[in-house]
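Q: my questions concern the predicted model and sequence given below.
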Amino acid sequence: MIGRLNHVAIAVPNLDAAAALYRDTLGAEVGPPQDELDHGVTVIFITLPNTKIELLYPLGDNSPIASFLEKNPAGGIHHICYEVEDILVARDKLKADGARVLGTGEPKIGAHGKPVLFLHPKDFTGTLVELEQV
Ligand SMILES: CC[C@@H](C(=O)O)C(=O)SCCNC(=O)CCNC(=O)[C@H](O)C(C)(C)COP(=O)(O)OP(=O)(O)OC[C@H]1O[C@@H](n2cnc3c(N)ncnc32)[C@H](O)[C@@H]1OP(=O)(O)O
Ligand SMILES: [Co+2]
């Protein structure tokens with residue numbers, strides 16, 4: 001059901017410092033910051049030859065990454081995002097198999113303008129999974 005790896009997201013305590021590390025030290029193609037109010041994060045995408053890295057920084061009072069950064073003050077890998085062809089078909093199959101879909105259970109529009117959903121990390125070997133319809 002899942003397709004390509006769309007991105008690996010890393011929560012960071014300092015977005016500018018993380019962007020500089022990827023641009024200047026690692027020589028990667030680093031995009032501009034995007035505020036995603038609906039998701040409570042500011043993101044920067046880093047384009048690699050075979051996938052993307054999504055740097056995440058909290059935005060607003062109820063950011064879903066706030067407690068993650070409290071527990072991991074230096075930052076860390078927050079989620080992985082897999083592409084799916086039909087997010088509702090994928091959601092319904094996963095729910096039928098017992099997986100917990102986070103939030104309202106309805107897709108939201110993600111940073112690429114496409115529908116996304118999140119799956120509980122406890123149901124996926126301790127890894128928060130994002131699905132993005134492509
Ligand atoms: C920019 C848009 C979009 C895109 O297009 O790419 C994005 O990527 S937005 C990214 C931010 N959005 C989200 O993460 C939404 C989904 N996340 C959530 O709903 C919550 O973060 C969460 C996963 C339900 C966790 O909520 P939280 O309040 O932090 O709960 P707990 O601290 O109580 O955690 C419960 C339990 O789960 C473990 N946990 C939490 N986060 C992660 C994680 N990222 N990876 C692995 N495990 C995680 C946490 O440690 C707790 O475990 P126990 O202590 O053992 O109970
Ligand atoms: Co993401």
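A: Happy to help now that I have it. Predicted model only: the values in this text are computed from it and were never measured. Numbering: from 1, shown residues only. Ligands and ions are numbered 1, 2, ... in the order given.

Q: now do the biggest helix by length in the chain: everything it contacts.
A: Ranked by residue count and defined by DSSP state H, the top helix of the chain is helix 87-96. For helix 87-96, contacts defined as Cβ atoms under 8 Å, 6 or more residues apart in numbering pick out 1-2, 84, 101, 105, 107, 115-117, 119, 131-133. Any C-beta I mention is one placed from the backbone N, CA and C, and that applies to glycine too.

Q: now residue 46. Nearest residue, chain neighbours left out?
A: residue 53 (4.1 Å; Cβ to Cβ, 6 or more residues apart in numbering).

Q: how many neighbouring residues does the one you found have?
A: 19 (other Cβ atoms under 10 Å).

Q: return the set of residues that bridge with it.
A: Here residue 53 shows beta-bridge partners residue 8, residue 46, assigned using DSSP bridges.

Q: just to revisit the earlier point, does ligand 1 sit close to the longest helix of the chain?
A: No: Helix 87-96 lies apart from ligand 1 when judged by Cβ under 6 Å from any ligand atom; the minimum separation is 12.1 Å.

Q: any idea of the angle the helix or strand where residue 79 lies forms with helix 87-96?
A: For residue 79, the element it lies in under DSSP states H and E is strand 76-84. Direction vectors for strand 76-84 and helix 87-96, defined by axes from the mean of the first three to the mean of the last three Cα atoms, to 10 degrees, enclose an angle of 110 degrees.

Q: who are the packing partners of strand 76-84?
A: Secondary-structure packing of strand 76-84 (3 or more Cβ pairs under 8 Å, 6 or more residues apart in numbering; DSSP states H and E): strand 5-11, strand 128-133.

Q: put together JSON lines for those strands, with mean neighbour count, mean pLDDT and distance to ligand 1 on each row.
A: Output for these, formatted as JSON lines (neighbours: other Cβ atoms under 10 Å; pLDDT from 0 to 100; distance: least, Cβ to the nearest ligand atom, whole Å):
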{"stretch": "strand 5-11", "mean neighbour count": "20", "mean pLDDT": "98", "distance to ligand 1": "5"}
{"stretch": "strand 128-133", "mean neighbour count": "21", "mean pLDDT": "98", "distance to ligand 1": "4"}
